[in-house]
Every structure is written in C-alpha cells, then in structure tokens.
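Chemist: Show me the folded form of this:
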Amino acid sequence: MKTVLLTLLLVFSLSSFAQCDFSKRISPDGNMYFYMEPAVFYYTKSKELRGGIITDKENYFIALQPIPFPPKPEGRKLKEDLELKLANNETYKLKHYDTQYMDDDSTMQLLYLVDMNDVEDLLKFEATEAKIDMKGTEGIRTYVFKLHKNAIQEQLKCFLKKEDEK
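Modeler: Numbering: from 1, shown residues only. So this is what the prediction gives:
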C-alpha cells in the first residue's frame, strides 16, 4: 500500500513539474520569448486548435495555432481580436499582436496580448471557447474547448510563479 501511494505521489509530482517546463525562442526582431508546449484545446478530423501562454517577461500572450490555416498572404491579413470565453461565462477581448508562420511555414500561430486587468480571471477560470475571425469565406471560427480547458490557467500560473521566485 505504501509503495502504491509513494508511486502515485511521485508520478503526480513529476507530471506537475513537467507542466512548468519552459522553452525559449528568439524572434526575427531579436526579442526572446518563453513558452511551453502548446496544449490541444479542440480536435476533430477537419479542425484543431492548439495553444498556450507565451511571455517576453514583460507581457503575456495567448498563442493559438488553428488548423487548417490559410497560406501566408491570406494569413497575414488575420488581425482581428480574439474573443475568449471563460468558465465564469464572461467573454474577454484580447488584442491581436502578431501572426507568425513557423517551422518552415508548417505552423501558423496567432498571438493575442493579455490585458493585465484580465490576468486574475484567467488564473481563476478555465477557458471554454475561442472565436477567431479567419476572414475570407470562412468568417468567424468558433472552438468550444473540449480538451485541456485549464492549460492557459496552469501555464500562466507557472510563468507568474517563476517571476515571483526572482
């Protein structure tokens, strides 16, 4: 019994620790960004949404990777704000910050600036829905989060905890 309890405790602590594994990337403009592996929020055969928190240590961004995504010329036109609904049934508007094509253009990522006034709510409530204006004939694409609803919440906690340790 003690062995099972100890094993479960070890597995839980390792998985909690793994959630706060940071990576870093230097953007073409020379800024350093810290991020965690994107979580899958929504998945079907035809559509997927991955994402998470990215920070430059001054600002926090929600990075979303919608699939399918448009090619570069059309994708660069995606500059509308994000509507993010949380479990408190409030919808938050996050300002579009940047559209990036990465990994030899095999991934498109939309960055939205987190308003510091919304951080407290993002820490308290899970994300339940995101609305991204994909322009063109598709218009607004709504993703109802089915998986990892608390990923934004948990990643933000990790980044803030790291800042508090300094």
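Chemist: who touches residue 149 in this structure?
Modeler: 41, 87, 126, 127, 128 (Cβ atoms under 8 Å, 6 or more residues apart in numbering). Placement of C-beta: from N, CA and C, glycine included.
Chemist: Contacts for the longest strand seen in the chain, please.
Modeler: For the chain, the longest strand by residue count, based on DSSP state E, is strand 91-102. Residues outside strand 91-102 that contact it (Cβ under 8 Å, 6+ apart): 27, 61-62, 72, 75-76, 78-86, 107-115, 118, 121-122.
Chemist: can you put the contacts of residue 149 in TSV and add neighbour count?
Modeler: Formatted as TSV, those follow (neighbours: other Cβ atoms under 10 Å):
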residue	neighbour count
41	25
87	16
126	16
127	23
128	18
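Chemist: Now the two most distant members of those residues.
Modeler: Using Cβ to Cβ, the contacts of residue 149 reach their maximum pairwise distance at 41 and 87, which is 13.5 Å.
Chemist: and stretch 85-100, average pLDDT?
Modeler: Taken as a whole, stretch 85-100 has a mean pLDDT of 97.
Chemist: quick one: contacts for the residue most central in space within the chain?
Modeler: Closest to where the C-alpha atoms of the chain average out (Cα atoms, centre = their mean) is residue 52, at 1.9 Å. Neighbouring residues of residue 52 by Cβ under 8 Å, 6+ apart: 35, 36, 37, 38, 39, 62, 63, 151, 152, 155.
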